[in-house]
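1. With the sequence up front, the predicted model follows.
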Amino acid sequence: MTITQSNRWPWLVALLLCGWLLYQLTPILSPFLVGILLAYLGDPLVDRLERWKLSRTWGVVAVFTLFSLLLVLLILVLVPMLGKQLMHLYQLTPLALDWLQLEALPWMQMQFGLEEDFWRFDRVKQAITDNLGSTTDVVGLILSQATASGLALLAWLGNLLLVPVVGFYLLRDWDLIMAKLRKLLPRRREAMVVGLMRECHEVIGAFLRGQLLVMLALAVVYASGLMLIGLQLGLLIGVLAGLASIVPYMGFVVGIGAAIVAVLFQSGIDLYLLLGVAAVFTVGQLLEGMLLTPLLVGDRIGLHPVAVIFAVLAGGQLFGFTGVLLALPVAAVIMVLLRHVHDLYKLSDLYAPAEPPSQP
């Protein structure tokens, strides 16, 4: 039975109703989306363990054990070190304002002919200095905020505990769920829909698995190199540069800029540290361009860097953290669909060349 003009409206109403329902359920969707992400990332590993004659359930247990060990290592080792460097960065903020007020801003005033009281950074510095002593007790601050919003904390902890439960069951039944969804497809359109989903899977898988591994590797390279040359904020800047590498070349620009500023505040114009920073980021770019991206990502993504930035910002603006999680997969699906729409357009009569005028 084909969908005619008369029975098309119920499908449209149902689609709009589903969209409205999802929008209303946005506050509780985050643990389920994170669980789906964990299941999607872990499915290839479980499939490989199944090929090694391990049952699906035990393969899921092994993968979740690996994820749990990585998370515990992150919490016990990396988070305290990052916390110390964040506190150190916060304590350096008045010194940065001093440099801006006494050196950078007078130079800009001379160059651009600005008035002497054009900048008011002395008030900002005073406010930060006054609050610096009250923020040293981070645990007390967190506990006071948690006491003030106990219900919100309980809801957040509940969502956090839901993530491994949802991820475990989805990963265990992933192949079964995919098979049932395929059986629901219209028989005459199954091949076309499966082909589109395969392309979307290649794009999303290449980005989520490949690009995340590239980001992790670059964060390790940058942080290790900067800490090795003696930069005090090396770990923080390296992690920041690795996260910014979700957009090509942004990690390099953000990281080397932040590292140069950190060198200037740490020891002035130190040629050794500046050359070390340049060497670390040069090695990182060479590894990314010649080894990491071709090996882990390849040329299957097709997402323009501007499209990545716009998708993340738009998703966060519309749906908050849930929108950020959905932004890149949705952008990848839209990109695949637009590619096919472009091919259909070039085959249509609208794109056909104009016919030559007929001779009288």
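-> Everything's here; your move. These figures come from a predicted structure and were not determined experimentally.
2. who's in contact with Ala241?
-> Taking CB atoms under 8 Å, 6 or more residues apart in numbering, we find Ala241 in contact with 218-219, 222, 251-252, 254-256, 258, 281, 284. Placement of C-beta: from N, CA and C, glycine included.
3. Show only the entries of those residues found in helices.
-> Among the contacts of Ala241, DSSP state H puts 218-219, 222, 251-252, 254-256, 258, 281, 284 in helices.
4. With neighbour count, distance to Leu38 and pLDDT as new columns, can those be given to me in CSV?
-> As requested, the ones in helices among the contacts of Ala241 are exported to CSV (neighbours: other CB atoms under 10 Å; distance: CB to CB, whole Å; pLDDT from 0 to 100):
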residue, neighbour count, distance to Leu38, pLDDT
Leu218, 26, 22, 91
Ala219, 23, 20, 91
Tyr222, 29, 26, 92
Gly251, 26, 24, 85
Phe252, 19, 29, 87
Val254, 17, 28, 88
Gly255, 28, 28, 90
Ile256, 20, 33, 91
Ala258, 20, 31, 88
Phe281, 23, 32, 92
Gly284, 26, 28, 89
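5. Ala332: which of the residues you listed is nearest?
-> Gly251 (20.4 Å; CB to CB).
6. From Val77, how far out is Ala206?
-> 29 Å (CB to CB, to the nearest Å).
7. Ignore what I typed, I meant Met178.
-> From Met178 to Val77 the distance is 36 Å (CB to CB).
8. Would you mark the buried spots in stretch 333-347?
-> For stretch 333-347, a neighbour-count test (16 or more other CB atoms under 10 Å) marks 333, 335-336 as buried.
9. Grab the most central residue of this structure for me.
-> Geometric centre of the chain, nearest residue: Ile246, 6.3 Å, by CA atoms, centre = their mean.
10. Look up phi and psi at that one.
-> When quoted as degrees, to the nearest 10, the phi and psi of Ile246 stand at phi -60, psi -30.
11. Enumerate every residue touching it.
-> Counting by CB under 8 Å, 6+ apart, Ile246 makes contact with 211, 215, 308, 312.
12. right, and the second one touches Gly242 too?
-> Yes - when contacts are counted by CB atoms under 8 Å, Met215 is listed as touching Gly242 (5.0 Å).
13. Now for those two: what residues contact both?
-> Between them, Met215 and Gly242 share the contacting residues Gly251, judged by CB under 8 Å, 6+ apart.
14. distance of Val261 from Leu287?
-> With CB to CB as the criterion, Val261 and Leu287 are 24 Å apart.
15. I misspoke; the intended subject was Ala219.
-> Separation of Ala219 from Leu287 (CB to CB): 12 Å.
16. what stretches of the stretch 101-250 of the chain score poorly on pLDDT?
-> For the stretch 101-250 of the chain, residues meeting the criterion pLDDT under 70 lie at 101, 104-105, 109, 111, 113-156.
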